[in-house]
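S.K.: fold the following and give me the result.
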Amino acid sequence: MTVVVSEYLRRPGVLGLTGLALDPGMSAEQYEELGRVLGDLYKTAQWAIGDYILGGESLFGHEAYQLQESLGISPESRAQYVRVAQSIPPERRRPELTWSHHRAVAYMEPDDQDRWLEQAVENQWTRGELDARMRPESAWRPDLATLTAAARAVYDQADALENWKGMTVVPTETIENLGAALGVIE
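M.R.: Down below sits the predicted model:
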């Protein structure tokens with residue numbers, strides 16, 4: 001019995017929103033091919049959605065927004081997929097890397113995106129390793145004890161103060177100390 005994976009997935013009851021039913025007569029080769037197809041679907045889903053939205057806007061204009069509801073995903077997720085797809089066109093995407101690698105560099109200029117993505121491919125960096133390499137070595141990292149003490153002071157002072165019409169007033173100095181511990185203010 002030879003089953004082409006795409007035909008297999010189209011059969012009723014095989015692939016649904018809550019799972020996949022395997023054919024008990026499936027061969028090891030068919031099982032492996034199905035794994036490849038599912039892996040490829042997983043790797044390309046965010047790109048496909050971003051490109052779908054961008055293409056729909058070109059084809060259908062404002063009407064596309066209503067049609068995109070068929071995706072069943074939040075507007076925030078759709079916006080993120082579009083932002084990355086728009087920032088990194090198909091010809092510059094690296095299939096060796098995940099969509100998340102690309103999302104990490106999407107805010108950069110194209111030359112910087114390409115440089116970081118190339119380094120990630122050459123060094124086989126995970127997304128976390130890419131993030132760590134992109135962070136400047138001199139980047140400020142909060143001291144956990146200082147941060148904890150500053151946050152505790154904000155909490156204690158807010159807890160001790162009277163609520164005024166549902167709001168708690170915390171002294172400016174305490175907020176500034178927390179900001180300094182977070183590295184937000186100097």
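S.K.: what does the helix or strand hosting Ala104 contact?
M.R.: Using DSSP states H and E, Ala104 sits in helix 99-105. Residues outside helix 99-105 that contact it (CB atoms under 8 Å, 6 or more residues apart in numbering) are 43, 46-47, 80, 84, 88, 93-94, 112-113, 116-117, 120, 125, 127, 130-131, 134. For every residue, glycine as well, the C-beta is placed using N, CA and C.
S.K.: from Ala151, how far out is Lys43?
M.R.: 39 Å (CB to CB, to the nearest Å).
S.K.: likewise for Arg115?
M.R.: 37 Å.
S.K.: what count of nearby residues applies to Ala145?
M.R.: 9 (other CB atoms under 10 Å).
S.K.: helices or strands next to the helix or strand where it lies in the packing?
M.R.: Using DSSP H and E, Ala145 sits in helix 144-160. Where contact means 3 or more CB pairs under 8 Å, 6 or more residues apart in numbering; DSSP states H and E, helix 144-160 is packed against helix 172-182.
S.K.: and the longest helix seen in the chain, how far out from the chain's middle?
M.R.: Criterion DSSP state H: the longest helix present in the chain is helix 28-60. How far helix 28-60 lies from its chain's middle: 16 Å, per CA atoms, centre = their mean, to the nearest Å.
S.K.: quick one: list the elements packing against that helix.
M.R.: Using 3+ CB pairs under 8 Å, 6+ apart, helix 28-60 sits against helix 5-10, helix 63-67, helix 75-87, helix 99-105.
S.K.: need phi/psi at Pro24.
M.R.: phi -60, psi -20 (degrees, to the nearest 10).
S.K.: just give me the neighbour total for it.
M.R.: 5.
S.K.: how near is Leu67 to Asp114?
M.R.: Leu67 is 33 Å from Asp114, by CB to CB.
S.K.: now Thr172
M.R.: Thr172 is 45 Å from Asp114, by CB to CB.
S.K.: who's more crowded, the two?
M.R.: Comparing Thr172 with Asp114 by neighbour count (other CB under 10 Å), the higher total belongs to Asp114, at 15 against 8.
S.K.: just the CA coordinates for the helix or strand that that one is a member of, please, in PDB.
M.R.: For Asp114, the element it lies in under DSSP H and E is helix 110-123. What follows is helix 110-123, C-alpha atoms only, in PDB (Å, rounded to 0.1, in the frame of the first residue of the first chain):
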ATOM      1  CA  PRO A 110      19.000  44.400   6.300                       C
ATOM      2  CA  ASP A 111      22.900  44.300   6.300                       C
ATOM      3  CA  ASP A 112      22.900  43.700  10.000                       C
ATOM      4  CA  GLN A 113      20.100  41.100   9.700                       C
ATOM      5  CA  ASP A 114      22.100  39.200   7.100                       C
ATOM      6  CA  ARG A 115      25.400  39.400   9.100                       C
ATOM      7  CA  TRP A 116      23.800  38.000  12.300                       C
ATOM      8  CA  LEU A 117      21.800  35.300  10.400                       C
ATOM      9  CA  GLU A 118      24.900  34.200   8.600                       C
ATOM     10  CA  GLN A 119      26.800  33.900  11.800                       C
ATOM     11  CA  ALA A 120      24.000  31.900  13.400                       C
ATOM     12  CA  VAL A 121      24.100  29.500  10.500                       C
ATOM     13  CA  GLU A 122      27.900  29.200  10.500                       C
ATOM     14  CA  ASN A 123      28.000  28.600  14.200                       C
END
